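J.: Sharing a model that was predicted from the sequence below.
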Amino acid sequence: MFHQIKYKISILVLLLGVFYFWVDAQTQDTPRITDFALSIPTDSVKPQPIKKFKQTGIASYYAKKFNGRRTASGERYSGKKLTAAHRTLPFGTLVRVADAKTGKWLVVRINDRGPYNRKRIIDLSYEAARQLGITKGAGLLKVKIRVVEWPEGYKPN
């Protein structure tokens, strides 16, 4: 009988650990790129079907530790490329990201899903963040984004 109770307690502890890890991943300030099986499924997020896409909000950037890990699109993340993560835009979309204060801008390609922090609109690669000057301060920047080019074969309504 003692072994049955011990077994049930160990299962309960395991389930609580998985739940804790999942809640922690949802509330983290730093982005997590598919660290766990409970991440956002890529096919459950539909692209926004509009021609002119504009958005204003807070941008952050990937930590260097994510170098070499797979993104939601299947390619490997490289901090040296000008790429980004967005929740709804289709993979391959070219997006102009502009500093809301200075107007300094660059174009990045969407290749991942995120950011996981709901207060942010885009996660930039390290190189894109460096060029915009995000890496020198708090790691956050108010930006304006707009689609420059939709991926080949994608036709927004």
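T.: Yep, it's here. Since we're looking at a predicted model, the values are computed, not measured. Numbers count the residues shown, from 1 in each chain.

J.: which other helices and strands contact the helix or strand hosting residue 142?
T.: Mapping residue 142 onto the secondary structure by DSSP states H and E places it in strand 141-149. For strand 141-149, the packing partners by 3 or more Cβ pairs under 8 Å, 6 or more residues apart in numbering; DSSP states H and E come out as strand 54-61, strand 94-99, strand 120-124, helix 126-132. Yep, even glycine has a C-beta here, placed from its N, CA and C like the rest.

J.: residue contacts, the nearest residue to residue 93 once chain neighbours are set aside?
T.: If the residues on either side of it in the chain are set aside, residue 93 comes closest to residue 110, at 4.6 Å by Cβ to Cβ, 6 or more residues apart in numbering. Residues in contact with residue 110, defined by Cβ atoms under 8 Å, 6 or more residues apart in numbering, are 83-86, 89-95.

J.: 6 Å instead?
T.: Shown here is residue 110, whose contacts under the criterion Cβ atoms under 6 Å, 6 or more residues apart in numbering are 84, 86, 89, 91, 93.

J.: so what pLDDT did the last one get?
T.: The per-residue pLDDT reported for residue 93 equals 94.

J.: I'd like the secondary structure assignment at the residue nearest to the spatial centre of the chain, please.
T.: Centroid-nearest residue in the chain, with Cα atoms, centre = their mean: residue 114, separated by 2.3 Å. Residue 114 carries the three-state label coil when classified by DSSP: H, G, I helix; E, B strand; the rest coil.

J.: Point out where this protein drops to low pLDDT.
T.: Under the criterion pLDDT under 70, the flagged ranges of the chain are 18-51, 157.

J.: circling back to that earlier point, excluding chain neighbours, what is closest to the residue nearest to the centre of the chain?
T.: In space, not counting the residues next to it along the chain, residue 114 is nearest to residue 85; the distance is 3.6 Å by Cβ to Cβ, 6+ apart.
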